[in-house]
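# quick one: sequence and predicted model below, then my questions.
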Amino acid sequence: MIKAITGTKDIFAPEVKRWHYLENLVKRIFENFNYNEIRTPVFEETALFARGIGESTDIVSKEMYTFVDRGDTSLTLKPEMTAAVVRAALEHSFDKQQNLNKLYYISPMFRQERPQAGRFRQFHQFGAEALGSESPALDAEMIIIAHDIIAELGLKNFKVKINSLGIPASRENYKAKLKEYLEPHFDKLSDDSKKRFNSNILRIFDSKDETDQKVMKDAPLLIEHLDDESLIHFDEVKKYLMSANVNFEIDPKLVRGLDYYTHTTFEIISDSVGSQSALCGGGRYNKLAAEIGDRDIPGVGFAAGIERILLACENENAFQLEEDSIDVYVVRIDKDLNQKAYQSAYQLRKLGLLTEVDYLSRSVKAQMREANKLNSKYVIMIGGDEFQKGNFLLKNMKTSEQEELSINNLEKVYTRIRG
Ligand code: HAM
């Protein structure tokens, strides 16, 4: 037996209905905020992610699905969308057609992480990127949209955490201070943190190692070393959030695992998914476009993990879907009326009714049982004396009322069901 690859999963009914529910809600909310969908290829040139996300990040150094194709090009299955969306914006000159481009996506992503509850190797994100404006209103808009989607799904047990990484100059000054603080503790640090000391010192805040955490407890914080411009931007973001009644906490240690951030970073975390607590994350990235392309385009965005959010919804019983049902089941009474039954079912489907018919040569009794199992609101019965008269029976399964209608007038069934 060939099985699905570890860390991937098949999504099918009834679970897939929960995906549809979430996807419809996500699309509705993004569209209300006037975001347009963007779809990018599943794979890109490796250099896009290596440069965009940063060589020293976990994603690039340990987790990417990278392969060389038959034309000797190094390709990578997208581990995230931001670099891909910015690449598309640069390539198609979105910025020359419109100053501001607000884009959203729902797409599979690929990272070779250790699978566990809420962590997959192929997972799915919905997210958005707004390109072309430095306005803090957009930083806040991302947080508000993410918050609203999560709240509208019915989740209660979550927290919005925000931080500012400031402008690059401010961060570079701070890194020097952090280095100075950490130097006397260097020997105590874990091996990973020792590596990060040189390659990505801010990420030492993310370390799960107990000694690292003790050392970092008294470390100077970036937020206390921000320049005026960064502080003003951050204050504005907070004001916009307050005016939308979004509760948030400031977490000065929220550095995020991707290198492209400037100014605002945020995450929404939940206790309802076990150790994988981040439902979504995002922030501003004003230098990313210049990193992968030939010009600056300021941007801000976020992405949320669909598997994680659905897991949290299940654990919190956040939303309940109505039981599945169909509109009509076409019961074929006489065996030689197969063609008529299929033709009638087809006509009902064309009229817009959710219709099912028998494909397994079932007896009339078994067809009625199937209609019940499918929660069919109505049944039509084709055959018997009624058929000889050019009619069929329409039965309301709830009231058991029956009505004889002309076989040439299936529209009547539509009127009975939809009014
Ligand atoms: P990220 O924090 O790497 O950010 O991922 C965003 C979300 O994707 C996470 O909070 C989590 O819910 C989900 N996620 C990540 N890895 C996995 C996994 N292995 N299995 C299941 N879910 C996962 C980004 O991807 C950035 N592109 C976000 C962004 C957009 N920043 C600006 N614009």
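Nice, thanks for sending it over.

# from here on, contacts and neighbour counts on C-alpha atoms
Fine.

# okay, now Ala278: neighbour count?
Applying other Cα atoms under 10 Å, we find 21 residues neighbouring Ala278.

# the one 5 residues further on now?
Other residues within reach of Gly283 by the criterion other Cα under 10 Å amount to 29.

# swap in Lys179?
The burial count assigned to Lys179 is 18, neighbours taken as other Cα under 10 Å.

# how far off centre is the helix or strand containing it?
Here Lys179 sits within helix 168-182, counting by DSSP states H and E. Offset of helix 168-182 from its chain centre (Cα atoms, centre = their mean, to the nearest Å): 34 Å.

# quick one, the helix or strand just after that helix and helix 168-182 angle?
Secondary structure here is assigned by DSSP H and E; on that basis, the next helix or strand after helix 168-182 toward the C-terminus is helix 191-199. Relative orientation of helix 191-199 with respect to helix 168-182: 130 degrees, computed using axes from the mean of the first three to the mean of the last three Cα atoms, to 10 degrees.

# show me what secondary structure element comes after helix 191-199.
Per DSSP H and E, helix 191-199 leads on to helix 210-217 as the next helix or strand towards the C-terminus.

# tell me what angle the helix holding Lys179 forms with helix 210-217.
Interaxial angle of helix 168-182 relative to helix 210-217 (the same axes, to 10 degrees): 120 degrees.

# please shift the residue numbers so they start at 55 in all later answers.
OK, 55 is where the count begins now, so the last one is helix 222-236.

# now helix 222-236: buried residues?
Ser224, Arg225, Tyr228, Lys229, Lys231, Leu232, Lys233, Tyr235, Leu236 (16 or more other Cα atoms under 10 Å).

# now, which of the residues you listed sits nearest the ligand?
Arg225 (18.2 Å; Cα to the nearest ligand atom).

# surely the closest one and Leu219 touch.
Yes - counting by Cα atoms under 8 Å, Leu219 is a contact partner of Arg225 at 6.6 Å.

# now do the shared contacts for those two.
Any residue near both Arg225 and Leu219 by Cα atoms under 8 Å, 6 or more residues apart in numbering counts here, and that gives Leu276, Leu280.

# please list all residues in contact with Phe177.
For Phe177, the contact set (Cα under 8 Å, 6+ apart) comprises Thr62, Pro162, Met163, Phe164, Gly359, Ile360, Glu361.

# now, of those, which are buried?
Looking at the contacts of Phe177 with 16+ other Cα under 10 Å, the buried ones turn out to be Pro162, Met163, Phe164, Gly359, Ile360, Glu361.

# ok, and of those residues, which contact the ligand?
Gly359 (Cα under 6 Å from any ligand atom).

# so can I have CSV of the buried ones among the contacts of Phe177 showing pLDDT and secondary structure?
Shown next, in CSV, are these (pLDDT from 0 to 100; DSSP: H, G, I helix; E, B strand; the rest coil):
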residue, pLDDT, secondary structure
Pro162, 98, strand
Met163, 98, strand
Phe164, 98, strand
Gly359, 98, strand
Ile360, 98, helix
Glu361, 97, helix
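
# list just the nearest of the buried ones among the contacts of Phe177 to the ligand.
Sorting the buried ones among the contacts of Phe177 by how near they are to the ligand, with Cα to the nearest ligand atom, puts Gly359 at the top with 3.4 Å.

# excluding its backbone neighbours, what's nearest the closest one?
With Cα to Cα, 6 or more residues apart in numbering as the measure, Gln179 is the residue that lies nearest to Gly359, at 4.7 Å, once sequence neighbours are left out.

# for the one you found, report the pLDDT, please.
Gln179 is assigned a pLDDT of 98 by the prediction.

# so it touches Ile363, yeah?
No - the criterion here is Cα under 8 Å, and Gln179 misses it with Ile363 at 9.9 Å.

# what's the neighbour count on Gly172?
For Gly172, the number of neighbouring residues by other Cα under 10 Å comes to 22.

# okay, now the unreliable bits of the stretch 105-254 of the chain?
Within the stretch 105-254 of the chain, no stretch has pLDDT under 70.

# at the contact with the ligand, which residues of it appear?
Taking Cα under 6 Å from any ligand atom as the criterion, the contact residues of the stretch 105-254 of the chain with the ligand come out as Glu134, Met135, Thr136, Arg165, Glu167, Gly172, Arg173, Phe174, Arg175, Phe177, Gln179, Glu183.
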